[in-house]
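J.: I would like to see how this sequence folds:
(one chain, ligands or ions: 1)
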Amino acid sequence: MELHPTPLNLTPYKAALPVAADCGNQIMRWSDELARHTEVEDMLTRTYLTPAHHSAAAQLAEWMCAAGMQVRRDMAGNVIGRYEADTADAPALVTGSHFDSVRNGGKYDGNLGILLPIACVQQWHNAGKRFPFALEVIGFAEEEGVRFKATLLGSRAAAGTFDMAVLDNRDDDGHTMREVMAASGFHAVGLAKAAYPPKSVLAFVEVHIEQGPVLLNAELPVGVVTAISGASRFMVEIHGLAGHAGTVPMEMRRDAAMAAAEIGLFIERRCQGKPGLVGTVGMLNVPNGAANVVPGRALFSIDIRAGDDAVRHAAVADVLAEIDTIAQRRNVSINARKTHDAMSVPCAPWLQQQLATAISSSNLPVRHLPSGAGHDAMAMAAITDVAMLFVRCGNGGISHHPDETMTAADAALAAQVFTHFVEQFRK
Ligand SMILES: [Zn+2]
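T.: Sure, this is the predicted structure:
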């Protein structure tokens, strides 16, 4: 008896993976590999121009090259891969995201928006497919602002809006950004040249994990971003009157902490149920508080965001009016100091439409949502129309944390959507 029958067909059987599924696995493998470039073992910490950051950049450049792109670095340390058009000197559709991380961050934040397009380019390169426009994939060197307390360094350099004043910012070891850049071979004088001439860019589209639970709860793998929310931030200080917790009758109190609590609850109520509007009291402090003392002083923060600036401004105005009312009623003095105010950055409707079409082409429902977090696309909006494709993350949408996760299936679907988007892209 023949135990090993000779197969009729001697050609080794190779499962024909659908292109996009293969892409998804590739993206997950690369994400794992890139996460090994870290400053701290057993977690992902990759801040601007550290050895881990340099080696991650080299790895990205290698993958870009292998995918058929010409790779260059600019003086901000951005890694840029260009997949040529079918004609020379064509303007580029630009995509990308950041490869720096927060301390103990997640491996998909930023990195996904670089690795996914590289995987797609590799497929086009293998198939010999080119477009009437070039495709540039940027690994932005810095977005999070961890090392030098200044954010969006890579994309601001690419957009020509780099603030030269931040070159004097120092890291925790006392080195200025200028010194650290020079030691890495990047020179401030070349920063101006990092800026894309606006005419060379057709649009900027960023793929990013959502960093929130909306797509997860809606059971959707991807979504189209409507706008990157504007944000207003305040630090609030309340002065009341400290007193003995046992001797001051309730009606005679001027309790600073309870005034803060009432304001916090108003912010929550005011922002509830309004799509795209969020309000947060993330810091709340009773300085020198004690269990047996009526609080005389309270400090807290307010952060209000919305995709629509008018909606945010209306909420801020209501909160400030309520603060006045509460101050009078409770006989406390309240000082609200604005510490940050950023306009929202709308995503271009024509690009949102083309992303929606690409999602429909993948037989997926189209969901629009605002981005509450800032992204490189904000900076790129200075030179071109921008759009963002959000990809679902797992674990309740947690990000900036090692529990940040996504699936290979979602990476595959997002790659398919991105592929449709680029293949159908028209300006
Ligand atoms: Zn990010």
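J.: Please see if stretch 38-52 touches the ion.
T.: No: residues of stretch 38-52 are not located near the ion by CB under 5 Å from the ion, the shortest gap being 12.2 Å. Where C-beta positions appear, they are placed from N, C-alpha and C, glycine not excepted.
J.: How far away from the center of its chain is that stretch?
T.: The gap between where stretch 38-52 is centred and where its chain is centred comes out at 18 Å by CA atoms, centre = their mean, to the nearest Å.
J.: For beta bridges, what are the partners of the nearest residue to residue 367 once chain neighbours are set aside?
T.: Closest residue to residue 367 apart from its sequence neighbours, by CB to CB, 6 or more residues apart in numbering: residue 223 at 4.4 Å. On the basis of DSSP bridges, residue 223 is bridged to residue 390.
J.: which ones are touching residue 223?
T.: With contacts defined as CB atoms under 8 Å, 6 or more residues apart in numbering, the neighbours of residue 223 are 210, 214-215, 367-369, 389-390, 392.
J.: one more time with 10 Å, if that's ok
T.: 210, 214-215, 355-356, 359, 364-371, 388-392 (CB atoms under 10 Å, 6 or more residues apart in numbering).
J.: Which of those residues fall within strands?
T.: Judged by DSSP state E, the subset of the contacts of residue 223 located in strands is 368-371, 388-391.
J.: can I assume residue 276 is in contact with residue 306?
T.: Yes: at 5.2 Å, residue 276 counts as touching residue 306 under the criterion of CB atoms under 10 Å.
J.: shared neighbours, the two?
T.: If you check residue 276 and residue 306 against CB under 10 Å, 6+ apart, the residues they both contact are 227, 229, 312, 344, 370, 372.
J.: tell me which element the first one falls in.
T.: If I follow you right, that is residue 227. Secondary-structure element containing residue 227, defined by DSSP states H and E: strand 222-228.
J.: Quick check: mean pLDDT of that strand?
T.: This predicted structure assigns strand 222-228 an average pLDDT of 97.
J.: Does anything pack onto the next helix or strand after it? Which helices or strands?
T.: In the C-terminal direction, the helix or strand that comes right after strand 222-228 (DSSP H and E) is strand 230-239. Using 3 or more CB pairs under 10 Å, 6 or more residues apart in numbering; DSSP states H and E as the contact criterion, the secondary-structure elements in contact with strand 230-239 are helix 256-271, strand 278-280, strand 297-306, helix 309-330, strand 333-342.
J.: Dump strand 230-239 to PDB, keeping only the CA atoms.
T.: Output for strand 230-239, consisting of C-alpha atoms alone and laid out as PDB, is shown next (Å, rounded to 0.1, in the frame of the first residue of the first chain):
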ATOM      1  CA  GLY A 230     -10.600  72.800  18.200                       C
ATOM      2  CA  ALA A 231      -9.900  73.000  21.900                       C
ATOM      3  CA  SER A 232     -10.200  75.600  24.700                       C
ATOM      4  CA  ARG A 233      -8.400  75.100  27.900                       C
ATOM      5  CA  PHE A 234      -8.600  77.000  31.200                       C
ATOM      6  CA  MET A 235      -6.900  76.800  34.600                       C
ATOM      7  CA  VAL A 236      -9.400  77.900  37.200                       C
ATOM      8  CA  GLU A 237      -8.600  79.000  40.700                       C
ATOM      9  CA  ILE A 238     -11.300  79.500  43.300                       C
ATOM     10  CA  HIS A 239     -10.900  81.300  46.600                       C
END
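J.: Which strands border whichever helix or strand comes after it, and is each parallel or antiparallel?
T.: Secondary structure here is assigned by DSSP H and E; on that basis, the next helix or strand after strand 230-239 toward the C-terminus is strand 243-244. Based on DSSP bridges, the pairing partners of strand 243-244 within the sheet are strand 293-294 (antiparallel).
J.: Between residue 276 and residue 306, point out the one with more neighbours.
T.: Neighbours were counted for residue 276 and for residue 306 using other CB atoms under 10 Å; residue 306 has more, 27 against 20.
J.: ok, back up a step: what's the angle from the strand holding residue 227 to strand 297-306?
T.: Interaxial angle, strand 222-228 versus strand 297-306 (axes from the mean of the first three to the mean of the last three CA atoms, to 10 degrees): 120 degrees.
J.: Can you give the distance of strand 222-228 from its chain's centre?
T.: Between the mean C-alpha position of strand 222-228 and that of its chain there is a distance of 12 Å (CA atoms, centre = their mean).
J.: That strand and the ion, are they touching?
T.: No: contact check for strand 222-228 against the ion, using CB under 5 Å from the ion: none in range, with a minimum separation of 11.4 Å.
J.: Using PDB, write down the CA coordinates of that strand.
T.: Extracted in PDB, the C-alpha atoms of strand 222-228 (Å, rounded to 0.1, in the frame of the first residue of the first chain):
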ATOM      1  CA  VAL A 222     -13.000  52.500   9.700                       C
ATOM      2  CA  GLY A 223     -14.500  55.900   9.700                       C
ATOM      3  CA  VAL A 224     -14.100  59.300   7.900                       C
ATOM      4  CA  VAL A 225     -12.900  62.200  10.100                       C
ATOM      5  CA  THR A 226     -15.000  65.300   9.600                       C
ATOM      6  CA  ALA A 227     -12.700  67.700  11.500                       C
ATOM      7  CA  ILE A 228      -9.900  67.700  14.000                       C
END
